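J.: Kindly generate the corresponding structure for this input.
(chains A and B)
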Amino acid sequence: MSGAAQADTLHLLADVASDFAKPDPARVRALRDAGGRLDREMWAQIAANGWIGIAVPEHAGGAGLGLEAVAIVARRLGYAGFPEPYVAAAVLAPQLLAASARPAAVELLERTLAGEALCAVAWQGPNGGLGPEATAVSLESGRLRGEARFLGLADADSYLVAAREGDGLSFHLVPADADGLSAVDEQRADGTADVRINLAGVSPEECILDAGEGAAALAGSVDAARVAVSAELVGLLERALEMTLEFMRQRQQFGRPIGSQQALQHRAVDAWIQAQLAAAALDAAIAVFEDGGAAASRRAAAASSAKSRASQAATGICNEALQMHGAIGFTDEYDLGLYVNRALALSPWLGGAGEHRRRYADLVDIAGEGRAS
Amino acid sequence: MSGGFGVVQEQDWDALGDEEFRQLVRAWVEANYPEELRFPPGRLLWSQQGEWVRALARKGWIAPGWPLEFGGMGLSPVKQVIFAQEFERFGVARFQDHGITQVGPIIMSFGSPEQRAQWLPPILAAEHIWAQGYSEPEAGSDLASLRTRARRDGDEYVVDGQKIWTTLAHDATHIYVLVRTDPKAPKPQAGISFLLADLASPGITVRPIRDIAGHSELCEVFFDGVRVPVANRIGEENKGWTIAKSLLGHERINVGSPKQPGYALEMVVAVARERGLLEEPVFRDRLAALQLDVAHLGDAYARYTAMLARGEQIGPDVSMLKIWATETVAAIADLIIEAGGDAGGLAGKVALGSTEIDVLGAYYKARPAMVYAGSNEIQRNIIATAVLGLPRG
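T.: Modelled structure (predicted):
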């Protein structure tokens, strides 16, 4: 696609996304109160919009619109406060599947893009972590053993399980109802359900990435997902800030709007500056990913840069939003809390502000001491 | 290409590609800027850098942002940013450039043809060096409350009062001043006029102020019955406030360049290396946070330069660059001092391990930067009302 045609397509996508994803707090609360499982109807619509695997290359069956398109959708879903596991199920899993040319992966990717299959990447062990060293499942004698956590959704019908195999990392397709697999739900801060799975000698259905391929494919997909979740956080913090500014204009105390108080104005400006920095870091990261020649380490640094700022800004802005709103902000009746809880759920996921700050510093290695890993 | 006031440009710079232009500026600056003046710790005096500025003027490059018809280079906003970046990159010291950046553009916009012909050529020739007479002892952030009085006496104004924080007034030839011409105006802003004065006029006394870094870049300027021709007033009487406020725009973007914070980061790394802190986890984490603060300043700055490239107007939100750039440098400056350990308390270039470093240099640059050109609190007030739509207090 030419640059101009791509720009037109993205412009249109942004319009469609704004029309489609309107804040709907009643739906969010209803889903949460029913256990935080997937809204199948909404997921089907997201699939119908063509938003699953929107960055997957055209030769692999995707729209090939790049991470910029992913960010447009994720940012809007964040702004609207949607609880859908867009990044986990529509970005991370398809990106990983697209890295494999094996027939089982190709077939599963096709069904995933159509919204017929829902898969989740199970790569982190119980203590989490940023890279392949976090994996706590191993493949021995053809059996998978270990635990995986922080998948980002609880409703997957199949898992892409990372397994240590010698010095390498391989990926295996495992149906959710496989023998020897048990799953326990974990509730995230926003009430959405995540899952923790235990594999006690599970026979994988298919190997989709072998021990020599898995680590690089994981790094590429997870870093893309980090940029996507940064976009979701940026959308979310933009809405939280907007609600706060509206409140500051309206709320009268001592005979004038609280937003006319300089002490509060300056705090609002500082929050807004953090929002600007998060959006700028996001744009810069997207540009690195869109640059086909960028090395994996540059992409990794860009993803950490964006995620560190987005996580920090989202939690910081939500904290300020709560304080500015006063007691009303802490009630479940008021919508701000939905954003606060979503920020609490997403900020640590795939690595929080501090972890990514340190990863960025190691990758960029300002001191030139050769510590880059 | 011959432009206004006999200034000749070697070519149409805007016809060049951005990268070609950048290389051309870089090559000329590297070939012509005196090595010993690179990256000076404080502002230089005219006796030190006048020769270089005159060379810049002879090249026709003293006024990059001015239109060709007024003797400038006629650069697009994007090329102006490139031009500034190349000067900054090579460590070219800023000269007393208010004639170019402030009073010149004001005369172009608000001056009569006679005033333009009188005042612009000596600025272009680096003969007139201008200082800014805005702040007063009782009028800092609240500038509109200024009290320096100008009374009309025939074809002249008689000016009495005091200006302060006048950068390099002792090294300038002229001063542009905001004066009160109507003390009874309904609003303080409505009684202010904009005058041009020769600093050699009888009745003007300039007294340098020594700052806490030991430099004397700032001055007090006293006006005692100073006679200024009415012909030296720019714009209408009592319309000076509007004129002074008109100078917003793309030049403010340069304040937000990530270069200064980048230098400060290099310095903190140099200090930390000598003191063996680079592997210390707490220090590394603090450094990483500041690295990202600088990186994201760069990302935000790039968004504004991209807006310029698309020909878009820059709004008041650009003030965020000033706030973030200066406060980031200040935070880095504090870390440099802390990293220096006991040596963090020593003035000037200090022996640290195998090298010599001015550990307080960044601090003494960072602190005033948060105050001048509209304190960061004033910038926040502007963003709060003009960008965030919060009600005025």
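J.: show me the contacts for the closest residue to A:D335 other than its chain neighbours.
T.: Using C-beta to C-beta, 6 or more residues apart in numbering or on different chains and skipping the chain neighbours, the partner closest in space to A:D335 is A:P25 (4.7 Å). (Each C-beta comes from the backbone N, C-alpha and C, glycine too.) Listed by C-beta atoms under 8 Å, 6 or more residues apart in numbering or on different chains, the contact partners of A:P25 are A:G81, A:D335, A:L338.
J.: Kindly write the PyMOL command that selects the buried subset of the residues you listed.
T.: Selecting the buried subset of these in PyMOL, with 16 or more other C-beta atoms under 10 Å in any protein chain shown as the burial test, is done by:
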select buried, chain A and resi 81+335+338
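J.: okay if I get the contacts of A:P25 as JSON lines plus pLDDT, secondary structure and distance to B:E36?
T.: Compiled in JSON lines, the contacts of A:P25 are given as follows (pLDDT from 0 to 100; DSSP: H, G, I helix; E, B strand; the rest coil; distance: C-beta to C-beta, whole Å):
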{"residue": "A:G81", "pLDDT": "98", "secondary structure": "coil", "distance to B:E36": "60"}
{"residue": "A:D335", "pLDDT": "97", "secondary structure": "coil", "distance to B:E36": "62"}
{"residue": "A:L338", "pLDDT": "98", "secondary structure": "helix", "distance to B:E36": "62"}
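J.: quick one: which of the contacts of A:P25 is nearest chain B?
T.: Distance to chain B across the contacts of A:P25 (C-beta to the nearest C-beta) is lowest for A:D335, with 20.0 Å.
J.: I'd say the closest one and A:P23 touch.
T.: Yes - if you go by C-beta atoms under 8 Å, A:D335 and A:P23 touch, sitting 7.4 Å apart.
J.: so what's in contact with those two at the same time?
T.: Any residue near both A:D335 and A:P23 by C-beta under 8 Å, 6+ apart counts here, and that gives A:G81.
J.: what ranges do the strands span in chain B?
T.: With DSSP state E as the criterion, chain B has strands at B:130-133, B:149-153, B:156-167, B:174-180, B:192-198, B:204-209, B:218-229, B:233-234, B:349-352, B:355-358.
J.: Tell me which residues are up against the fourth one.
T.: The reference is to strand B:174-180. For strand B:174-180, the surrounding residues in contact (C-beta under 8 Å, 6+ apart) are B:98-99, B:102-103, B:106, B:128-134, B:143, B:146-150, B:157, B:159, B:161, B:163, B:166, B:169, B:191-199, B:204, B:221, B:223, B:234, B:240-241, B:244.
J.: residues contacting residue 336?
T.: Using chain A. By C-beta under 8 Å, 6+ apart, A:L336 lies in contact with A:A240, A:M243, A:T244, A:A321, A:L322, A:H325, A:G329.
J.: actually it's chain B I care about, not the one you picked
T.: Listed by C-beta under 8 Å, 6+ apart, the contact set of B:I336 reads B:A264, B:M267, B:V268, B:V271, B:G344, B:V359, B:A362, B:Y363.
J.: Keep those residues, but drop any that are not near chain A.
T.: Among the contacts of B:I336, no residue is within reach of chain A (C-beta under 8 Å from any C-beta of the partner chain).
J.: which of those has the most neighbours?
T.: For the contacts of B:I336, the largest number of neighbours (other C-beta atoms under 10 Å in any protein chain shown) sits with B:V268, at 28 neighbours.
J.: how near is B:S141 to chain A?
T.: Counting by C-beta to the nearest C-beta, to the nearest Å, the separation of B:S141 from chain A is 12 Å.
J.: My guess is that residue contacts B:I378. True?
T.: Yes - here B:S141 reaches B:I378: they are 5.2 Å apart, a contact under C-beta under 8 Å.
J.: Compare the two (neighbour count), which wins?
T.: B:I378 (16 against 12).
J.: Now do the same contact list for that one.
T.: B:S141.
J.: confidence score at it?
T.: Per-residue pLDDT puts B:I378 at 92.
J.: pLDDT value on the residue positioned nearest the centre of chain A, please?
T.: What sits nearest the mean C-alpha location of chain A, by C-alpha atoms, centre = their mean, is A:V229, with 3.2 Å. Confidence at A:V229, expressed as pLDDT, is 98.
J.: helices or strands next to the one helix or strand it maps to in the packing?
T.: Using DSSP states H and E, the element containing A:V229 is helix A:214-250. The contact analysis (3 or more C-beta pairs under 8 Å, 6 or more residues apart in numbering or on different chains; DSSP states H and E) places helix A:214-250 against helix A:66-80, helix A:93-98, strand A:168-175, strand A:256-257, helix A:262-290, helix A:296-325, helix A:336-346.
J.: Compute the inter-axis angle for that helix and strand A:168-175.
T.: Per axes from the mean of the first three to the mean of the last three C-alpha atoms, to 10 degrees, the angle that helix A:214-250 makes with strand A:168-175 is 70 degrees.
J.: buried set for helix A:214-250?
T.: Quick answer for helix A:214-250 (16+ other C-beta under 10 Å): A:214-215, A:217-241, A:243-245, A:247-248.
J.: Next, the residues that contact stretch B:211-226 from outside, please.
T.: Here stretch B:211-226 has contacts from B:42-43, B:131, B:133, B:148, B:158-170, B:175, B:177, B:197, B:199, B:201-210, B:347, B:360, B:364, B:368, using C-beta under 8 Å, 6+ apart.
J.: actually stretch B:111-128, not the one I typed
T.: Applying C-beta under 8 Å, 6+ apart, the contact partners of stretch B:111-128 are B:4-7, B:50, B:53-54, B:56-57, B:62-63, B:70-71, B:99-100, B:103-104, B:107-108, B:130, B:173-174, B:196, B:231, B:234-235.
J.: next one: stretch A:268-281
T.: A:230, A:233-234, A:237-238, A:241, A:244-245, A:248, A:259, A:305-306, A:309-310, A:312-314, A:316-317, A:320-321, A:324, B:292, B:295-297, B:299-300, B:302-303, B:317, B:320, B:323-324, B:380, B:383-384, B:387-388, B:390.
J.: Enumerate every residue touching A:V195.
T.: Contacts for A:V195 (C-beta under 8 Å, 6+ apart) come out as A:A120, A:L151, A:L153, A:A154, A:A156, A:A183, A:V184, A:D185, A:E186.
J.: before we move on, what about A:L97?
T.: Applying C-beta under 8 Å, 6+ apart, the residues near A:L97 are A:A105, A:V106, A:L108, A:L109, A:T112, A:C119, A:L160, A:I208.
J.: Separate out the buried members of those.
T.: Buried subset of the contacts of A:L97 (neighbour count, 16+ other C-beta under 10 Å): A:A105, A:L108, A:L109, A:T112, A:C119, A:L160, A:I208.
J.: Double-check that the last one belongs to a strand.
T.: Read that as A:I208. Yes - counting by DSSP: H, G, I helix; E, B strand; the rest coil, A:I208 is located in a strand.
J.: so it touches A:A104, yeah?
T.: Yes - using C-beta under 8 Å, A:I208 is in contact with A:A104, at 6.2 Å.
J.: Give me the common contacts of the two.
T.: A:L173.
J.: where's the residue nearest to A:F150 when sequence neighbours are not counted relative to B:T167, distance?
T.: Using C-beta to C-beta, 6+ apart and skipping the chain neighbours, the partner closest in space to A:F150 is A:Q124 (4.8 Å). From A:Q124 over to B:T167 the distance is 56 Å, taken as C-beta to C-beta, to the nearest Å.
J.: These two - which one has more neighbours?
T.: Under the criterion of other C-beta under 10 Å, the comparison of A:Q124 against B:T167 puts A:Q124 first, with 24 against 17.
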